[in-house]
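In: Here is my input, please return the structure:
(one chain, ligands or ions: 1)
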Amino acid sequence: MKKTALKQRAAAIIDHILPEITALRHNLHQHPELAGEEFATAELVRNTLKFTDIELLPPFLETDVVGILHGAKSGSNVALRADMDALPLNELTNLPYKSVFDGKMHACGHDGHTAILVGTAIVLNELRESLSGTVRFIFQPGEEELALGKKLVEAGVLKTGGPEADAVFALHAFNQLPVGTISSRPGPMMAAAGFFRIRVVGRGGHGARPESAIDPILTGSKIVEALQSIVARNVSPQDAAVVSVCRFEAGKNANVIPEEALIEGTIRFLKPETEKILLDAMQRIVKGIGTAMNAKCELDYRMPYIPTINHADFVEMARCVTHEYCGNDKWIETPVPSMGGEDFSFYLREYPGVFCRLGIGEDVPGIHHPQFDFNDEALRNGMLFFVGMTLAAQLKIKN
Ligand code: NI
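Out: Coordinates of the predicted model:
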C-alpha cells in the first residue's frame, strides 16, 4: 500500500475504534491501580489484545504486558511504550468515570497513555500486511516512584522474545500545550530525579530548659536553610538543578523539645555530572551543621531517575510525522527541558528514540492535581502519532 493510502487507512481505523478506546480510557480512569499493583489493568490490556495477532510475552516483572506484532516482511523493529500506573491521591472531580477507589487516582494521564497504545496496537495489527519488521508494545507498570522502566530494560524488555528494538518511542500527556499537539526537543528533555531523607537526632527536653536539650528543630531549620545555598552557590548558573525540602516533621507539644526531626525532599538536575556536586554539598552541610549543633544527623538518598535525553534524528522524525499525520500546526518545539523525572530515560540510555509530550489543553488542571483528567480529544492524535512514527521508523531504518 502506498504511503498516503496507508495513512488514510490508519486514520479511518482510528475513527472507527475511537468510541471503544475512549470507553477503555474511562474504564481505566475509574479503576486506577498504584505502581506495581496493576493486576486488573494488565488483565484488561491482555484481554483486549487477545483478539489481535499480537504475540503476548510472559511478564518480565509481574504486571507488565509486552506484545510483539510481526509485520508481513522483515525490516526494522520499533518499540512503543505506555505507562499504566496511577497515583496515591484522592480524586476531586465530578466525572461520571471518577475513581471508585479512595486514595487512588489517574492524575498523570497514564490511563490515556494505555488507551492510546491499545488503540495503536489494534490499528497496526490491521495494517500488519504493510509492516516491515516488528512492533513491540510495552505496557509498563510502576513509572511513578518505583521507576520500574529501569528493571524492565535490565530484564530485556527491548530484546527478549523477538528481534531487538531499533528505536523506542513514548508519549506523555502535558497540560500546558494545545490539545492534540506534539512537543519535544533534541537532547535533555526531562531531569534526573532523586529523593533524600535527613534524620536529625538531638536530645529531648522541657521547652523551658533548652540548655539541657539538643534541639533537632533548630538544627533541622539550619539544614533546610543551608540546603537552599547548594544550587545558588555550587551549580553553574548555566546549568539547571533543584533542591526542594518537601517534608519536615518534628515535635508534638508546645512545651517539649523533641528528640528527633525528619526532613525529606527531592533533587533534580539535567547533566549527569551535577549529581556529585549536589550530593557532596548535601553531605557537607548535614555533617557540618550536625557537628556545630551537637546533633547526630544522617543523610540517605536514592536516585531512581536519570536524565531523559532525546536523540536528535528521532526528534526530527517526530516533527515530520506530526506535520504529516496530526496536522500542520500541531508540532511545538519544547523550549526548555522539564525538571520532572521520567523512567523512559532508561530506555533512551540504551536505545535511540524520542520522548514526546502530547498536549491536552492549556486551561486544565496540571498533572498530579486532584482535579486532573486526561483529555479524550488528544486520543486521536496520540494514536496517529504512534502509527506514523512506527511506519516512518521502519522506512528510515531500513534504508
Ligand atoms: Ni506520568
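In: Can you pull out the low-pLDDT segments for the stretch 101-250 of the chain?
Out: Nowhere does the stretch 101-250 of the chain drop to pLDDT under 70.
In: can I get the CA coordinates of the strand or helix carrying L348 in PDB?
Out: Assigned by DSSP states H and E, L348 falls within helix 345-350. What follows is helix 345-350, C-alpha atoms only, in PDB (Å, rounded to 0.1, in the frame of the first residue of the first chain):
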ATOM      1  CA  SER A 345      15.200   7.700  30.400                       C
ATOM      2  CA  PHE A 346      16.400   4.200  30.900                       C
ATOM      3  CA  TYR A 347      15.100   3.100  27.600                       C
ATOM      4  CA  LEU A 348      16.700   6.100  25.900                       C
ATOM      5  CA  ARG A 349      20.000   5.400  27.600                       C
ATOM      6  CA  GLU A 350      20.300   2.000  25.800                       C
END
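In: can you list contacts of that helix?
Out: Here helix 345-350 makes contact (CB atoms under 8 Å, 6 or more residues apart in numbering) with 79, 81, 147, 149-150, 152-153, 158, 168, 170, 190, 192, 305-311, 353-355. Glycine gets a C-beta too; all of them are placed from N, C-alpha and C.
In: Quick check: next helix or strand after it?
Out: Later in the chain than helix 345-350, the nearest helix or strand by DSSP H and E is strand 353-359.
In: the inter-axis angle of the helix or strand following that following strand versus strand 353-359?
Out: Downstream of strand 353-359, the next assigned helix or strand under DSSP H and E is helix 379-398. With axes from the mean of the first three to the mean of the last three CA atoms, to 10 degrees defining the directions, helix 379-398 sits at 160 degrees from strand 353-359.
In: Check for me that G36 belongs to a strand.
Out: No: G36 sits outside any strand when classified using DSSP: H, G, I helix; E, B strand; the rest coil, being coil.
In: so who does the residue nearest the centre of the chain touch?
Out: Nearest to the geometric centre of the chain sits E342, at 3.8 Å (CA atoms, centre = their mean). Applying CB under 8 Å, 6+ apart, we find E342 in contact with 143, 172, 189-190, 305, 308, 355.
In: quick one: which of those residues is nearest V123?
Out: H172 (20.1 Å; CB to CB).
In: Show me the helices in the stretch 1-150 of the chain, by range?
Out: For the stretch 1-150 of the chain, the helices defined by DSSP state H, counting those that start in this stretch occupy 3-30, 39-49, 110-126, 148-154.
In: quick revisit: mind listing what's buried in the helix holding L348?
Out: Judged by neighbour count using 16 or more other CB atoms under 10 Å, the buried positions of helix 345-350 are 345-348.
In: Quick one: mean pLDDT over that helix.
Out: Taken as a whole, helix 345-350 has a mean pLDDT of 97.
In: Tell me where the stretch 201-350 of the chain has helices.
Out: Under DSSP H, counting those that start in this stretch, the stretch 201-350 of the chain gives helices at 216-234, 274-293, 312-321, 345-350.
In: Might one say that K7 is in contact with E324?
Out: Yes: look at K7 against E324 with CB atoms under 8 Å: they come within range, at 7.1 Å.
In: For stretch 363-378, give the mean pLDDT please.
Out: In this model, stretch 363-378 carries a mean pLDDT of 96.
In: Make residue 1 into 548 and carry on from there
Out: OK, 548 is where the count begins now, so the last one is stretch 910-925.
In: buried stuff in stretch 744-760?
Out: Neighbour counts over stretch 744-760 (16+ other CB under 10 Å) mark 745-747, 749-750, 752, 760 as buried.
In: Tell me the one among those residues nearest to K818.
Out: Out of the buried residues of stretch 744-760, the member with the shortest distance to K818 (by CB to CB) is I745, at 24.3 Å.
In: beta partners for the closest one?
Out: Beta bridges link I745 to I810, L846, judged by DSSP bridges.
In: Quick check: end-to-end length of stretch 855-874?
Out: 26 Å (CA to CA, to the nearest Å).
In: Which positions within it qualify as buried?
Out: In terms of neighbour count (16+ other CB under 10 Å), stretch 855-874 has its buried residues at 855-858, 861-862, 864-866, 868-869, 871-873.
In: want to throw those residues into JSON lines with distance to K549 and pLDDT?
Out: Below are those laid out as JSON lines (distance: CB to CB, whole Å; pLDDT from 0 to 100):
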{"residue": "T855", "distance to K549": "35", "pLDDT": "97"}
{"residue": "I856", "distance to K549": "35", "pLDDT": "96"}
{"residue": "N857", "distance to K549": "30", "pLDDT": "98"}
{"residue": "H858", "distance to K549": "28", "pLDDT": "98"}
{"residue": "F861", "distance to K549": "24", "pLDDT": "98"}
{"residue": "V862", "distance to K549": "26", "pLDDT": "98"}
{"residue": "M864", "distance to K549": "20", "pLDDT": "98"}
{"residue": "A865", "distance to K549": "22", "pLDDT": "98"}
{"residue": "R866", "distance to K549": "22", "pLDDT": "98"}
{"residue": "V868", "distance to K549": "17", "pLDDT": "97"}
{"residue": "T869", "distance to K549": "21", "pLDDT": "98"}
{"residue": "E871", "distance to K549": "14", "pLDDT": "96"}
{"residue": "Y872", "distance to K549": "15", "pLDDT": "97"}
{"residue": "C873", "distance to K549": "20", "pLDDT": "97"}
